[in-house]
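Novice: Generate coordinates for the sequence data below:
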Amino acid sequence: MSGKGQRIGYIRVSTLDQNAERQLEGVPLDRVFTDAASGKDTDRPQLISLLAYAREGDAIVVHSMDRLARNVDDLRRLVQQQTRRGVRVQFIKENLLFTGEESPMANLMLTVLGAVAQFERDLIKERQREGIALAKQRGVYRGRQRKLSADRVAELRTRAASGEKKARLAREFGISRETLYQYLREPENSEAGCSTS
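Specialist: Numbers count the residues shown, from 1 in each chain. Got it, this is the predicted structure:
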């Protein structure tokens, strides 16, 4: 690696008992940013600070891919954003370095990551469709259960249109404000055919 630019470490620990120091132990770094957050957490202030701090010629060094990103899409996006602006991204555990230069291996890895992300999304959708189809065959699928019958929805709409406070209506009908607004947005005839259990 060239001498120009800093080597900036990023550490994410998801629980208090994880030892942050072990992640990049023995790796020479100029500065380290550490977040205590779960992988799914989008609020990672130290990662945001690191991305703002890193300059062209710097290298972001992370113990492993799962420490940097919430999912494969997030990983691919982060790596591409940084390498496009001249920041290298290095993963110690996977022994991978993304430089943004025309590297067939790095390009292949990012393409594979993108394909894996799409594959995961497609699998989830397929499982949902299969689950719904099986539930319909067994006669147990009814879609999302409606909290209110068609008559109650009509009453709700009438009272809301006459100016009654929505918060009070939601409490009286036993639904959330969000559900109330969904009912008010639906076309008038959307209750037709819905079972009023």
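
Novice: The longest helix seen in the chain packs against which elements?
Specialist: Longest helix in the chain, counting residues (DSSP state H): helix 104-137. When contacts are defined as 3 or more Cβ pairs under 8 Å, 6 or more residues apart in numbering; DSSP states H and E, helix 104-137 sits against helix 72-84, strand 96-98. For the C-beta atoms, the positions are set from N, CA and C on the backbone; glycine is no exception.

Novice: The last one pairs with which strands, parallel or anti?
Specialist: Within its sheet, and counting by DSSP bridges, strand 96-98 is paired with strand 88-91 (antiparallel).

Novice: and the next element down the chain from the longest helix of the chain?
Specialist: Heading C-terminal from helix 104-137, the first helix or strand you meet, by DSSP states H and E, is helix 150-161.

Novice: So for V116, which of the helices and strands packed on helix 104-137 sits nearest?
Specialist: Nearest to V116, of all the helices and strands packed on helix 104-137, is helix 72-84, at 5.3 Å by Cβ to Cβ.

Novice: which parts of that closest one are buried?
Specialist: Neighbour-count burial for helix 72-84, counted by 16 or more other Cβ atoms under 10 Å, picks out 72-73, 75-80, 82-83.

Novice: Just name whatever secondary elements that helix is in contact with.
Specialist: Packing partners of helix 72-84 (3+ Cβ pairs under 8 Å, 6+ apart): helix 65-68, strand 88-91, strand 96-98, helix 104-137.

Novice: One more pass at 10 Å, please.
Specialist: The elements that helix 72-84 packs onto, with contact taken as 3 or more Cβ pairs under 10 Å, 6 or more residues apart in numbering; DSSP states H and E, are helix 45-53, strand 59-62, helix 65-68, strand 88-91, strand 96-98, helix 104-137.

Novice: CA-only coordinates of it in PDB, if you can.
Specialist: C-alpha atoms of helix 72-84 as PDB (Å, rounded to 0.1, in the frame of the first residue of the first chain):
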ATOM      1  CA  VAL A  72     -25.500  -7.300   1.200                       C
ATOM      2  CA  ASP A  73     -27.100  -4.400  -0.600                       C
ATOM      3  CA  ASP A  74     -25.800  -2.000   2.100                       C
ATOM      4  CA  LEU A  75     -22.300  -3.400   1.800                       C
ATOM      5  CA  ARG A  76     -22.200  -3.100  -1.900                       C
ATOM      6  CA  ARG A  77     -23.500   0.400  -1.900                       C
ATOM      7  CA  LEU A  78     -21.000   1.500   0.900                       C
ATOM      8  CA  VAL A  79     -18.000  -0.100  -0.900                       C
ATOM      9  CA  GLN A  80     -18.900   1.400  -4.300                       C
ATOM     10  CA  GLN A  81     -19.500   4.900  -2.800                       C
ATOM     11  CA  GLN A  82     -16.100   4.900  -1.100                       C
ATOM     12  CA  THR A  83     -14.000   3.500  -3.900                       C
ATOM     13  CA  ARG A  84     -15.600   5.900  -6.400                       C
END
